[in-house]
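Enquirer: Prediction below, plus the sequence it came from.
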Amino acid sequence: MRFVVGCDFEEFKRYSKRDGVRADLEVLKILLPKDSSCLIVWKENNEIIGHAIWHETNTEEHRKGDPRDKERY
């Protein structure tokens with residue numbers, strides 16, 4: 001098995017059409033042109049067998065207005 005950072009989008013689209021594969025292609029269309037390394041795949045026999053989508057976020061930005069904040073403090 002190989003771990004591949006940065007996958008060809010067309011190859012990934014073909015993979016994502018398989019039964020049981022859930023991937024948000026609309027999000028990838030936005031992310032991939034900026035940084036193709038956000039799409040990570042695992043390959044076996046040169047075929048994609050799994051995937052992950054990596055993106056960075058700012059935790060503080062997500063906490064603004066989060067009702068769970070009141071529970072934490």
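Expert: Thanks, I have it. Numbering: from 1, shown residues only.
Enquirer: can you give me the strands for the chain?
Expert: Here the chain has its strands, by DSSP state E, at 2-5, 39-44, 47-53.
Enquirer: what's the burial count for residue 23?
Expert: 16 (other Cβ atoms under 10 Å). C-beta coordinates here come from the backbone N, C-alpha and C atoms, glycine included.
Enquirer: pLDDT wise, what is it at?
Expert: We have a pLDDT of 76 for residue 23.
Enquirer: Contacts only, for it.
Expert: By Cβ atoms under 8 Å, 6 or more residues apart in numbering, the residues touching residue 23 are 12, 16, 51, 53.
Enquirer: most centrally placed residue in the chain?
Expert: Taking Cα atoms, centre = their mean, the centroid of the chain lies closest to residue 53, which sits 1.4 Å from it.
Enquirer: Pretty sure residue 54 sits against residue 35.
Expert: No - using Cβ atoms under 8 Å, residue 54 makes no contact with residue 35, being 9.0 Å away.
Enquirer: This protein: helices as residue ranges?
Expert: 9-16, 25-34, 59-63, 69-72 (DSSP state H).
Enquirer: By mean pLDDT, show me the worst of those helices.
Expert: Among the helices of the chain, helix 69-72 carries the lowest mean pLDDT, at a mean of 52.
Enquirer: sorry, back to before: show me the two of the contacts of residue 23 that sit farthest apart.
Expert: Farthest apart among the contacts of residue 23 by Cβ to Cβ are 16 and 53. That separation is 11.1 Å.
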